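>>> With the sequence up front, the predicted model follows.
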Amino acid sequence: MNSVVLLRAVQDPAGLTVNRKAQKVFINKPALVVNPSDRNALEAALQLGGEVTVVAFGPADPHDDLLRDALAAGAKRAVRVDGLPTDPAAQAAALAKLAETADVVLCGETVLDGDLAQVAGRAAELLGRPLLAGAHRVTAEAGTLNVIAAQGKAFHHLQADLPAVVMVAAHSNAPRYPNGAALITAFTKKNVVEVFTPADLGMDDLLVSMERTGEVFPPERVLGKPVPLAQAVNLLAEQLR
Amino acid sequence: MDMEALSALMGEDLNAEQFSDLWVVLPDEAALPLVGEARRLADGLGCYVHAITAHDAHCERAFAYGADKVHVVADPLAFARTVKPEFIFLPATLSAQAAQLAQYFKAGLITEAIEVSVDEATRALVGSRLVYAGDYGLTYSLTSPVKVATLVTRALPSHLIDPNRHGEILMEEVSAEPTVRDLGPVDYAPHMGRPLQHADRIVAVGRGLRDEEGWALAQQLAQRLGAQLAGDRSARDLGWIGEDREVAWGREPLAPQLYLALGIRGDTIHNIMLGRAQQVVAVHANESASLLSLADVPVVDDPKAFAQALLSALG
């Protein structure tokens, strides 16, 4: 069983402050981390067993470090595509090229930044494979993929023939931590990350599907003045009764 | 310059002229406001609004919201592939399937949009979506011949509903083999997080509750309100809540109707998780607690006394 997992780097939300009044986003501590639900996707892939390939799109810093972390956690192969636009259509095309021979492609279902969660669906369409979204538990047996997926507030048992594309829900499992020795190996070895350019993958014209034109800020919250206890209790009691 | 010449100039293999009208995929009644939003945009563009639904019962409601034609078909998503839409709207719950549809049409897609508009000169679809904890949004513009968007229904403005409006009902058929088999609902205990993300009411506790007596009151209050219990790091350190109920970074932001924080000072990470809460009530004895400055109803008082008073007021 070969699986491909897409890892995306996002700004650590702890290092980000938004000032709605000034309509500005301040990055106090620039630090890129793996998108949380992508870590769940990696864990689901490692639990499935077989050979796991981790894929990232972007420059060496910080993506190589994220890939090395994944190698230490148990992935067998790390691939990075450099020079790809941050566009879901372009990323999906690259992912589809890299996952042509894979049995399962796993992506996180939600992406904190940008509109990149759609990459999985687009890749499924390009590869002509079934798409299973909202996966909490992923198992495979004899050419069939079984997924327990969240649909609204309930869970459903979904089944599809392999190969397939799975979108793994955030917090659906506990991502493992790599042990120290594995980390040292992954970070000291040279050339553990294979680097491709879009041209290497045979992608001549890169489809750019969307353009980021600006930022919007929800209206500033109108915050209450401190309320005496009795008044607050009455207010809530009336509202909740 | 007409659209055809523009398409030729842009080297697009799809001819924009082939695509027309605004189409809305309606999986359930909750998605009906999308039709209203489509009507609003279609009036500006001068085009028709088509709704695709699997249920006959939705037709009249769809007309009331502003649909011109309703296509009734067993599999709305498969049928959407057979039409020639200029814009397709789907509810945010179908974002994954919308991505497949967008790729099929080689279209741009904005997922989970909170607002959409159309540039009438270029017919570009402009939409905004929230990122991170919903603290701010990014605006995107789509210029492909077909434009797809999934919309967050509850973020949409309310629309004029005219029960006297009528339209055309078309019964359609489409043959598509489903690739994913749904074997029905199962009992599954999720790893973590879901109770809080889906909770309408949350009672959150922190060290400011002081002792076990305060914690017991909070539990009673949560039970009385039908609320989920949560807490900050201090509550977890005290052994009151487990990891799955800690309001900590990395989770999806919480979006309850009521977030009642008892004795929580509120650090940055805790506070950022509340970006989508509709009402935050914070009770803390110390007026310097940072959560008080973010609350809709801040109360500078003893959280234990507050819990006691609210319990007796609720009876």
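Done, it's in.

>>> Pass me the low-pLDDT residue ranges in the chain, would you?
I'll assume chain A. Using pLDDT under 70 as the threshold, the predicted model of chain A has low-confidence ranges A:221-224.

>>> Chain B is the one I meant
Scanning chain B with the threshold set as pLDDT under 70 gives B:1-17, B:133-134, B:192-195, B:250-252.

>>> one more time with 50, if that's ok
By pLDDT under 50, the weakly predicted segments of chain B are B:1, B:6-14, B:193.

>>> Give me the longest strand you can find in it.
Across chain B, the strand with the greatest residue count (assigned by DSSP state E) is strand B:108-119.

>>> Show me the contact partners of that strand.
Residues external to strand B:108-119 that are found in contact with it (Cβ atoms under 8 Å, 6 or more residues apart in numbering or on different chains): A:88-89, A:115, A:117-118, A:209-210, A:216, B:37, B:41, B:44-45, B:87, B:89, B:92, B:95, B:98-99, B:102, B:124-130, B:137, B:140-144, B:147-152, B:155-156. C-beta here means a position set from N, CA and C on the backbone, and glycine is covered the same way.

>>> Checking residue B:281 next. Helix, strand or coil?
Reducing the assignment at residue B:281 to three states with DSSP: H, G, I helix; E, B strand; the rest coil gives strand.

>>> What residues does it make contact with?
Counting by Cβ under 8 Å, 6+ apart, residue B:281 makes contact with A:232, A:236, B:258-261, B:295-297, B:299.

>>> next one: residue A:177
Applying Cβ under 8 Å, 6+ apart, we find residue A:177 in contact with residue A:73.

>>> What about the contacts of strand B:108-119, which are in strands?
With DSSP E as the criterion, strands contain A:216, B:87, B:89, B:124-130, B:137, B:140-142, B:147-151 from among the contacts of strand B:108-119.

>>> Just the buried subset of the contacts of strand B:108-119, written out for ChimeraX, thanks.
One line in ChimeraX is enough to select the buried ones among the contacts of strand B:108-119; burial here means 16 or more other Cβ atoms under 10 Å in any protein chain shown:
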select /A:88,89,115,117,118,209,210 /B:37,41,87,89,92,95,98,99,102,124,125,126,127,128,129,130,137,140,141,142,143,144,147,148,149,150,151,152,155,156
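
>>> Apart from its neighbours in sequence, what residue is nearest residue 113?
Defaulting to chain A. If the residues on either side of it in the chain are set aside, residue A:113 comes closest to residue A:10, at 4.5 Å by Cβ to Cβ, 6 or more residues apart in numbering or on different chains.

>>> meant chain B actually
Here the residue nearest residue B:113, using Cβ to Cβ, 6+ apart, is residue B:127, at 3.8 Å.

>>> Is the one you found bridged to anything, and to what?
With DSSP bridges as the criterion, residue B:127 is bridged to residue B:116, residue B:140.

>>> do the same with residue B:20
Residues in beta-bridge contact with residue B:20 (DSSP bridges): residue B:85.

>>> how many neighbours does it have?
Burial measure for residue B:20: 16 neighbouring residues, criterion other Cβ atoms under 10 Å in any protein chain shown.

>>> give me every residue that touches the residue of chain B found nearest chain A.
Checking chain B residue by residue against chain A with Cβ to the nearest Cβ singles out residue B:99 as nearest, at 2.5 Å. With contacts defined as Cβ under 8 Å, 6+ apart, the neighbours of residue B:99 are A:88, A:117-122, A:124-125, B:109, B:111.

>>> Please, where are all the helices along chain A?
Read by DSSP state H, chain A holds these helices, from start to end of the chain: A:36-48, A:60-73, A:88-98, A:119-127, A:180-188, A:229-240.

>>> my guess is residue A:43 meets residue A:170, correct?
No: taking Cβ atoms under 8 Å as the contact criterion, residue A:43 and residue A:170 are not neighbours in contact, 11.4 Å apart.

>>> Let's have the contacts of residue B:281 in a markdown table, adding distance to residue B:283.
Listed next are those as a markdown table, based on distance: Cβ to Cβ, whole Å:
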| residue | distance to residue B:283 |
| --- | --- |
| A:232 | 8 |
| A:236 | 10 |
| B:258 | 13 |
| B:259 | 12 |
| B:260 | 8 |
| B:261 | 7 |
| B:295 | 9 |
| B:296 | 12 |
| B:297 | 9 |
| B:299 | 4 |
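
>>> Separate out the buried members of the residues you listed.
Using 16+ other Cβ under 10 Å as the burial test, the contacts of residue B:281 include A:232, A:236, B:258-261, B:295-297, B:299 as buried.

>>> Which member of these is positioned nearest residue B:270?
The closest of the buried ones among the contacts of residue B:281 to residue B:270 turns out to be residue B:261 (Cβ to Cβ; 8.7 Å).

>>> Spell out which residues sit in contact with that closest one, please.
If you count contacts by Cβ under 8 Å, 6+ apart, residue B:261 has them with B:204, B:206, B:280-284, B:291, B:295.

>>> which SSE is it in?
When elements are defined using DSSP states H and E, residue B:261 is found to belong to strand B:258-262.

>>> show me the contacts for the residue lying closest to residue B:111 once chain neighbours are set aside.
Spatial nearest neighbour of residue B:111, chain neighbours left out: residue B:95 (4.4 Å); criterion: Cβ to Cβ, 6+ apart. Residues in contact with residue B:95, defined by Cβ under 8 Å, 6+ apart, are A:117-118, A:121, B:111-112, B:150.

>>> With residue B:86 instead?
Listed by Cβ under 8 Å, 6+ apart, the contact partners of residue B:86 are B:16, B:19-22, B:47, B:123, B:145-147.

>>> Quick one, which of the residues you listed are buried?
Among the contacts of residue B:86, the ones that count as buried by 16+ other Cβ under 10 Å are B:16, B:19-22, B:47, B:123, B:145-147.
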